[in-house]
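Engineer: Need coordinates for the below:
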Amino acid sequence: MAKTAIIEAAGGPEAFKLVDREVGEPGPGELRIRHEAVGLNYIDVYQRSGLYPMQFPHALGMEAAGIVEAVGDGVTHLKAGDRAAYAATPPGAYCEARVMPAAQVCPVPDGIALETAAAMMLKGMTVEYLFHRTTPLKAGDTVLFHAAAGGVGLIACQWARSEGITLIGTAGTDEKCRLALEHGATHCINYRSEDFVARVRELTDGAGVDVVMDAVGADTFDGSLDCLKPLGMLISFGNASGPVAPFNLGILGGKGSLKVTRPTLFTHIAKHEDCQAMARHLFDKVLKGDVTIRIDQRFALDQVADAHRALEGRQTTGSTVLLP
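Structural biologist: You can find the predicted model right below:
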């Protein structure tokens, strides 16, 4: 049996219920993993609230790390006793142990603690595809990154610095702006006290940025478009403030033949070999010291509702983990 946080219907943080579930044995292509730490991500909020529909009852959680206890037929990249981590579907990481598909579970190299791995898989591989798999970026390019002091943002600040990319961040407090700057942002704009569009134009001598990376959504979408150079790209990869409203596609032409894309991590990691390569790239960045994973909040599994309240209340910085 394994304690598991489930929801039986979409709702607020109070929807969580802790239950005991049978774990069972892995079938072909599956493994059983006992978690040491579980990552918290905004996609968990979208699923819990109903923004991303799912069948109920269902366990939540997309990211964790632990020890492999058993593997099913056909699993060759991991074995019992291995240290492993994942960001993967289906949801269900908010638990002590689970059986799941093995293809997107990755061996964790020596030198990376399992708690660290749990805090970085979804966020770190998101940054990997943003900088390397969505649109060409090179040293000297300029990126605007919203929510730069969050879990994804602090990794992105460091990643940009390691690649010679200028990153202009936004955050909601001066303290969060300082945190982003400490982690490698070239500039950071407090969007509560400054007009981020005007400030971006000032910082770029009126040119705008090559790429905007935006996980905020409704509140920043229009302004993000106005920060781009002609032919620039807006990468919309989240909806922390709510989904982007429908818009007239023609405005992209009028603003400079702009491009907009809405990628997901799970498309990028769908193939086993792509997922493993992305994880290795992320691990290499951490082992080389280019990226340090900051865990600023820890909650017990039975405090998952409090963890969600903190995340939604924008009271968190860096990564948050649940400890089974």
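Engineer: mind checking how far the residue of the chain positioned farthest from its centre is from L225?
Structural biologist: For the chain, the largest distance from the centre (CA atoms, centre = their mean) belongs to G254, which lies 31.8 Å off. Using CB to CB, to the nearest Å, G254 is found at 10 Å from L225. The C-beta positions use only the backbone N, C-alpha and C, and glycine is treated the same way.
Engineer: same deal with H77?
Structural biologist: Separation of H77 from L225 (CB to CB) stands at 42 Å.
Engineer: swap in A87?
Structural biologist: 29 Å.
Engineer: mean confidence for the helix or strand hosting D222?
Structural biologist: Under the criterion of DSSP states H and E, D222 resides in helix 221-226. Here helix 221-226 scores 97 as its mean pLDDT.
Engineer: Which positions within the helix or strand that that helix is followed by qualify as buried?
Structural biologist: Helices and strands here follow DSSP H and E; after helix 221-226, the next one along the chain is strand 228-236. For strand 228-236, the neighbour count (16 or more other CB atoms under 10 Å) marks L228, G232, M233, L234, I235, S236 as buried.
Engineer: give me phi/psi at the residue nearest the centre of the chain?
Structural biologist: Among the residues of the chain, the one closest to the centroid is K123, at 3.0 Å (CA atoms, centre = their mean). K123 adopts backbone torsions of phi -70, psi -50, taken as degrees, to the nearest 10.
Engineer: And for D20?
Structural biologist: Torsion angles, degrees, to the nearest 10, at D20: phi -100, psi 130.
Engineer: need the contact list for it.
Structural biologist: Residues in contact with D20 (CB atoms under 8 Å, 6 or more residues apart in numbering) are M1, A2, K3, T4.
Engineer: Mind doing that once more with 10 Å?
Structural biologist: M1, A2, K3, T4, C95, E96 (CB atoms under 10 Å, 6 or more residues apart in numbering).
Engineer: Which of those sits closest to L311?
Structural biologist: C95 (18.7 Å; CB to CB).
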